[in-house]
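*Asks:* need a structure here:
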Amino acid sequence: MVREYTLFWTISGKPPGGIHVTADIPPSWSETLDAMGSPRFAIPHLRGLNPSIVAIHAKGEDAAARLDRALAQQFGSDLPAVTRTSLGAGLWAVHRRSPGHVHARLFLHAPHDSIVMCVAMILGGQSGWLREIEPVFATARVA
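*Replies:* Numbers count the residues shown, from 1 in each chain. Here you go, the predicted model:
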């Protein structure tokens, strides 16, 4: 089911009007929204941090610089080991750590010097869940 979200960087409502995002979320996923409009999804039988969609302010001279900054902020010293591919309307970045931990994010360019991120942090022994999460994140679009 396609769901619509209005995301903000902060609880004070920045950027003004928010960032509008859509994604086709499976009916088996339940969601809760935080104070910034960001959905966090509960997936049956998945342990660990629940997948989410968030917006961040990413300073930079252009879209490429904002994306580079967001990647560096989110992955830090792990960035050289991150696999990057195109997925849907964005850049899919995945870092696999031992023993089987996965840190994956879909980065989408957004207005107001923003980046929207679809985030999955999967604990060891559950990395197979990425095969279910990835195609759902691929449907995310900044409206």
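
*Asks:* next, residue 70: phi, psi?
*Replies:* phi -60, psi -40 (degrees, to the nearest 10).

*Asks:* so what's the residue count around it?
*Replies:* The tally of other residues near residue 70 (other C-beta atoms under 10 Å) stands at 24. Glycine gets a C-beta too; all of them are placed from N, C-alpha and C.

*Asks:* again with residue 4
*Replies:* Count around residue 4 with other C-beta under 10 Å applied: 9.

*Asks:* please apply the same query to the one 3 residues further on.
*Replies:* Taking other C-beta under 10 Å as the neighbour definition, residue 7 ends up with a count of 24.

*Asks:* wait, it touches residue 36, no?
*Replies:* Yes - taking C-beta atoms under 8 Å as the definition, residue 7 is a contact partner of residue 36 at 6.3 Å.

*Asks:* for the helix or strand of the chain with the lowest mean pLDDT, which positions count as buried?
*Replies:* Lowest by mean pLDDT, DSSP states H and E among the helices and strands of the chain is strand 48-57, with a mean of 92. Going by neighbour count (16 or more other C-beta atoms under 10 Å), the buried part of strand 48-57 is 50, 51, 52, 53, 54, 55, 56, 57.

*Asks:* what about residue 123, neighbour count?
*Replies:* 15.

*Asks:* so where do the helices sit in this structure?
*Replies:* 63-75, 130-137 (DSSP state H).

*Asks:* pull out the buried residues from stretch 8-15.
*Replies:* So, applying 16+ other C-beta under 10 Å, buried residues of stretch 8-15: 8, 9, 15.

*Asks:* scratch that, stretch 12-27 is what I was asking about
*Replies:* Result for stretch 12-27 [16+ other C-beta under 10 Å]: buried residues 15, 18, 19, 20, 21, 23, 25.

*Asks:* pLDDT averaged over it - what is it?
*Replies:* For stretch 12-27, mean pLDDT is 96.
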